[in-house]
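> From the sequence below, what's the structure:
(2 chains)
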Amino acid sequence: MMDGTRGPEPRSTWRVGVDSGGTFTDVCMFDEATGRIAVWKVSSTPDDPSRGIAQGVGEGMTECTGSPDDPAAAIAYLGHGTTVATNALITHRGARVGLLTTGGFRDLLEIGRQKRPDLYDLFAEKPRTLVPRELRIELPERVLHTGEIETPLDEEAVRVAARALKDAGVEAVAICFLYAFVNPTHEKAAKRIVVEEMPGVFLCASHEIAPEFREFERLSTATVNAYLGPIMHRYISRLTPRLADLGLPVAPHLTQSNGGVVRFEVAAETPVRAVLSGPSTGVVAAQAIGARAGFGDLITFDMGGTSSDVALMANGQTTQTNESVVHGYPIKAPMLDIHTVGAGGGSIARIDTGGLLKVGPESAGADPGPVCYGRGAAEPTVTDANIVLQVLNPTHLLDGRMEVHRDLALDAIGKMADSLGMSVMDVAQGIISVVTANMAKAIRVISVQRGHDPRGYALMAFGGAGPLHAVRLAQELGMSTVVIPRNPGILCAMGLLLTDLRADFSTTRLVPLETGNLDTIAATIARVQAEASDWFDNEEIDEPRRQSTARVDMRYEGQNYELSIPVPEEPVTDATLGALRQGFTEAHTRMYGFAVPDERILCVTFRAEATGLVRKAELPERPLGGPDATGAITGAREVWYPETGGFTETTLYARDLLAPGMTFAGPAIVEQMDTTTLIPPGVTARVDVLDNLILELRA
Amino acid sequence: MTSQPLSLTLDPITVEVIGAALSSIVEETGEALVRASYSTNIKERRDCSTALFDRAGRTLCQAEHIPVHLGSFLDFIPMLLKDHDPAGLRPGDVFVGNDAYRGGGTHLPDIVLAEPIFVDGALAAWTVNLAHHADFVDRAHAHIYQEGLRIPPIRLYRAGELQKDVQELILLNCQVPRERLSDLRAQMAANRVGVQRFQELCARHGVETVLASGEALLDYAERKMRAGIAALPDGSWRFEDDFDSLDFDEPIPLAATVTVAGDEITLDFEAPPQIRAGINMTRTALLATVYYIVKSVVDPTVLPNAGLARPITVRAPDGSILNCKHPAAVNGRVQTCQRVADLILGALAKAAPERVSACTNSTCTVALFSGNRESGPDKGTYWVYLETIGGGGGARPHADGLDGIHVHATNTSNLPVEALEVEYPLILERYELIDGSAGTGRYRGGMGLRRVYRATEECMVSVDISRIQSRSWGLQGGGPGGHGGYVLSPGARPFERGVGVLRAGEWLEVLTPGGGGYGRPGEANDSTDRRPIAAE
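Sure, this is the predicted structure:
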């Protein structure tokens, strides 16, 4: 209602994504009303990242919303991705944790699966144990695999243990008893007593965080959660008032390793689910862009200075895994299946004692950086090879802001060439080939090793170095299409504007997939879906925005690794069981080349994936124009290609001048502030309506 | 050599790229094997290995699974080719074998499946995998005929068609045939992956390039091995130790002399004649152990292929415990492998103490349970459960030894309690590190493990332990590790040579040895672990 005397109600139309990285904090802002995307970058503040974030958001709002008087009122949503949890785990700066275990099993955390960390290296170390032995306390209690209680929990012993841990100054307590995923009575009782004795302590019981079988992995998950809990609590409790001070009218959200976001309060309880918070947002952005651009089957390739993250999505669906080893620690938590390899622009090339060329995983980092930076580095990196080949601008990087020295890179690689008896250009190209092979190996892990043929997928490349190496990588894997999004350098921050609220629920229940068990199977599916429904209520997600899908992890009786099969729409009937059986048989044949028709199939873990749909940033489209791209040409440079065996004149294009509909062919190079795209001879490029660059490789 | 030079030039980069592809193929086939398998020994404990071989049967690449399994791989293809004319091989042929004297194996439960890979109609390579089938149990070990069914390399599939007769013969000789059949299927699945991936690799790079690169990778491993050996001082060093076991009364003296000359290394072993017990090693088991430990000390990054063996010479008396002849029993050969690896460490410690660890727990402790199910849906069926238990690692020059791990020739996982108790009538009461089991030292040895099992149904048990009388030695003044042993619940009938019956409600406690310490105790210790060290 307008009364004619006041202006229009200030509309909250801006969605804000904040990606807090090691060097920069990227703030990506999107106006739902106009489709405008704005980016604001500030330096990160590693001692207290919340300062940099608040500063970035504050400045970004004021600069971008166009309502400087009350910019906060224009904000409809704030999503945030953080590496706080990951960093605490890598640097071992987590909380002092106490652990309560079943009697006889306090050392399990250290023993793990009893394998040594490296098969051949006598000097390799195990990952550090997160709870010292004196803070691991055994309690008299025992539950059997049937759920039956053999030895009741000694509650007095729990009380004594809690007091001892309190005296020892622990900030967090993890509880993991055998078979708590079958019968959590003892864990619940122990938790109640610990709360009484240690009010305010961060508590994690294994049946809450990972109610699944294999005790070591469940224990590890509960322990990592407790280890990170107080860190995440502190972080969020610093950030929350800073954001409140800015007057933001919305509850901020944090991304999880599964690519979804949850409210800060929820995130604070389950930090173990945020260890891949950073890279997951890039994957989500790639998924959204792929969906709009018509690429459902995608492999994402996020290449930075020290490492590359790769992930796969089939039919527009990201691949999720429910267990992974992160920085040495097994974690059972829903995560995007992101694989990291130590291959980046700063990866160092060396000749080893057997005379072969190796690249990475050692990285030159930001300082001294590659040889061509002229800061005293002597060992050539991938970036130096690109400078020598002139794939990268041989005199300046970052839109001319940074001078580089090709002669230094040439010297360094030349020395290597002498000892290999090869030409300097062959070695420079060789460095690219070897790093490409390393990255291809990472992609094989997430594709072929999971039963997907990469040749049927498009490669979406982003990160500072992704577009530079994408075509070479695609060639190595036999892929024919490469997609370079409009803003490869800020894709993670953008992903925050493109993601839904997400939560995953699971319960382990071993039931044979047979008609006689229909009631049990239906009831168990209903149970996880009820948990999803409670979560929707808690998150205040209204009916139309709720989306929930159920899956059952199944295997042949006798096997121990399951294949996850989606449950068709309710209600659960005999037909559902038939569909599950068929889905399993197909999946097993795809993975292992055989199925056994008469073998009994066991349902093991029932899962519900709950999604609360949020209004997401709409990627703006521009109308298609003519194919002539000459208007975007900024010049030419000689670039060395293995295809031509020499330097070849290469057309340079400015990304900012490219427009939808334009097409051109390699050899070409597209330059933009945050990245360079290489289009070798034989590859064609076109710009789609979303300003994506689509590269087609010859079959 | 005929006048048929390779018409291609190989650069180090192509070789590196193809090497990475070969290692990703063997890792992938291993993963398929584990995931599709049924027995706890493979699906959870991962007691299996995968590899690729060239046409002549030389290792192109072995996955990082179990070092001693290389012993079964080394002679499999050469022996197979003795019996089977290569011209008669067809795509889809799959060979099965396990024999220690005719099948290239090192003990009978390790069943190998090998499939030739054809590219453009010609044999290009072999995909081979091995799974330790927990079967052939409750046997005597006076000679190999008591230890299980001996299978020479024969076709299980002929041009893709199952040879049912062969399969039936094998399964009838197994105590848990359903599990064997399912695990054999998983082995088939793994080879299928190997064939497909290798053919794809050839389609991409050309079969000649791939084969030539394979050749170059062998040369490369050899060069790296030679460079590593050359970095050791020249000289000759002898080390001896006692090998003790429940299988015999008097400890057996073993010795190794390691001689480094330039870029070559020679290992001469002294060992008594083979005995009527399952601890004898075939020559291939000895070679696999030597290759493993020399690579570990010289350069752990050397590619695990046949090239690394070229600068290594191994000599052991024919018909001795370390180089046994038909019909010696070999089932428990891994115990001997472990002792041999530590012998070599001991000799090399005199040459380069900063390159080695003190003695590990020197054994691969085994607990084997079997019985007839007395309840449940499978009542009356025979069950077998095999597990191996880690112990202490040796202390290192700059760090404590690792606690509760598998060392040297083996590296299997434990079985989760929550899987063990679902599958077998056993309850695990305790699983923990043993205080005081580690050798003292500036850096202490790794701690041994205690595992306590309670039977809920009567079962037959066999325990294989070592370091009963002897102890794992320390280095540079470090103390020795603790003993291995076992304890039965009061009232249980005593075991004989580690074998006996456990009745419902009775328990068995198995203790594994700790590793030796490094450096004199009491010297400045910059170790971060403040755990109490062994009380001597």
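> Now residue A:418: which helix or strand?
For residue A:418, the host element (DSSP states H and E) is helix A:406-420.
> same for that helix, what does it pack against?
Here helix A:406-420 touches strand A:347-351, helix A:382-388, helix A:424-446, going by 3 or more C-beta pairs under 8 Å, 6 or more residues apart in numbering or on different chains; DSSP states H and E. Bear in mind the C-beta positions are built from the backbone N, C-alpha and C, glycine included.
> in the second one, what counts as buried?
In terms of neighbour count (16 or more other C-beta atoms under 10 Å in any protein chain shown), helix A:382-388 has its buried residues at A:382, A:383, A:384, A:385, A:386, A:387, A:388.
> Residue ranges in the chain under the pLDDT threshold?
As the question left the chain open, I've gone with chain A. A:1-11, A:21-24, A:68, A:365-367, A:448-452, A:699 (pLDDT under 70).
> Hmm, no, I was thinking of chain B.
B:1-9, B:12-13, B:523-536.
> circling back to that earlier point, and the angle for the helix holding residue A:418 with strand A:347-351?
30 degrees (axes from the mean of the first three to the mean of the last three C-alpha atoms, to 10 degrees).
> hey, C-alpha coordinates of helix A:406-420 in PDB?
The C-alpha trace of helix A:406-420 is given here as PDB (Å, rounded to 0.1, in the frame of the first residue of the first chain):
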ATOM      1  CA  ARG A 406      60.700 -14.500 -19.200                       C
ATOM      2  CA  ASP A 407      64.500 -14.600 -19.500                       C
ATOM      3  CA  LEU A 408      64.800 -15.900 -16.000                       C
ATOM      4  CA  ALA A 409      62.300 -18.600 -16.600                       C
ATOM      5  CA  LEU A 410      64.000 -19.500 -19.900                       C
ATOM      6  CA  ASP A 411      67.400 -19.900 -18.100                       C
ATOM      7  CA  ALA A 412      65.900 -22.100 -15.400                       C
ATOM      8  CA  ILE A 413      64.100 -24.400 -17.800                       C
ATOM      9  CA  GLY A 414      67.100 -24.300 -20.100                       C
ATOM     10  CA  LYS A 415      69.300 -25.800 -17.400                       C
ATOM     11  CA  MET A 416      66.800 -28.600 -17.000                       C
ATOM     12  CA  ALA A 417      66.700 -29.100 -20.800                       C
ATOM     13  CA  ASP A 418      70.500 -29.500 -20.900                       C
ATOM     14  CA  SER A 419      70.500 -32.300 -18.400                       C
ATOM     15  CA  LEU A 420      67.600 -34.100 -20.100                       C
END
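> Let me see the ranges of the helices in chain B.
With DSSP state H as the criterion, chain B has helices at B:12-36, B:40-43, B:69-74, B:76-83, B:164-172, B:177-205, B:207-230, B:283-298, B:333-351, B:417-423.
> Same question for the stretch 451-600 of chain A.
For the stretch 451-600 of chain A, the helices defined by DSSP state H, counting those that start in this stretch occupy A:466-477, A:491-495, A:518-538, A:574-592.
> Just give me the residue closest to the centre of chain B.
With distances taken as C-alpha atoms, centre = their mean, residue B:68 lies nearest the centre of chain B, 2.9 Å away.
> mind checking how far that residue is from residue A:49?
49 Å (C-beta to C-beta, to the nearest Å).
> repeat for residue A:272
Where residue A:49 is concerned, residue A:272 sits at a distance of 19 Å (C-beta to C-beta).
> So for these two, which sits in the more crowded spot?
residue A:272 (29 against 23; other C-beta atoms under 10 Å in any protein chain shown).
> these two touch, right, that one and residue A:225?
Yes: with contact defined as C-beta atoms under 8 Å, residue A:272 counts as touching residue A:225 (3.9 Å).
> Between the two, which contacts overlap?
Shared contacts of residue A:272 and residue A:225 (C-beta atoms under 8 Å, 6 or more residues apart in numbering or on different chains): residue A:209.
> show me the contacts for the residue lying closest to residue B:430 once chain neighbours are set aside.
Nearest residue to residue B:430 in three dimensions, chain neighbours excluded: residue A:104, at 3.5 Å (C-beta to C-beta, 6 or more residues apart in numbering or on different chains). Residue A:104 makes contacts with A:138, B:428, B:429, B:430, B:431, B:432, B:452, as judged by C-beta under 8 Å, 6+ apart.
> Three-state assignment for residue A:104, please.
coil (DSSP: H, G, I helix; E, B strand; the rest coil).
> neighbours around residue B:261, how many?
12.
> what's it in contact with, if anything?
Neighbours of residue B:261 in contact, by C-beta under 8 Å, 6+ apart: residue B:234.
> Kindly provide the distance from it to chain A.
19 Å (C-beta to the nearest C-beta, to the nearest Å).
> ok, now residue B:190?
9 Å.
> unless I'm mixing things up, that residue is touching residue B:129, no?
Yes: applying C-beta under 8 Å, one finds residue B:190 in contact with residue B:129, separated by 4.9 Å.
> Between the two, which contacts overlap?
Joint contacts of residue B:190 and residue B:129 (C-beta under 8 Å, 6+ apart) are B:29, B:30, B:33, B:50, B:113.
> Would you mind giving me the ChimeraX syntax to select the buried ones in those?
The buried subset of the shared contacts of residue B:190 and residue B:129, as determined by 16+ other C-beta under 10 Å, is captured in ChimeraX by this line:
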select /B:29,30,33,50,113
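> Arrange the shared contacts of residue B:190 and residue B:129 in a markdown table, one row each, with distance to residue A:284 as further columns.
Shown next, in a markdown table, are these (distance: C-beta to C-beta, whole Å):
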| residue | distance to residue A:284 |
| --- | --- |
| B:29 | 33 |
| B:30 | 32 |
| B:33 | 34 |
| B:50 | 36 |
| B:113 | 43 |
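> Tell me which two in the shared contacts of residue B:190 and residue B:129 are the farthest apart.
B:30 and B:113 (13.0 Å; C-beta to C-beta).
> where do the contact lists of the two overlap?
With C-beta under 8 Å, 6+ apart as the test, residue B:30 and residue B:113 both reach B:129, B:190.
> and the chain, what are its domains?
Chain wasn't specified; assuming chain A. A:14-81, A:92-232, A:501-612 (automatic domain parsing).
> should've been chain B
Split by automatic domain parsing, chain B gives B:12-222, B:357-536.
> Relative to residue A:253, which of those domains is closest?
Using C-beta to C-beta, these put domain B:357-536 closest to residue A:253, at 35.1 Å.
> ok, for residue B:288, nearest residue in space, not its chain neighbours?
Using C-beta to C-beta, 6+ apart, the nearest residue to residue B:288 is residue B:71, at 3.5 Å.
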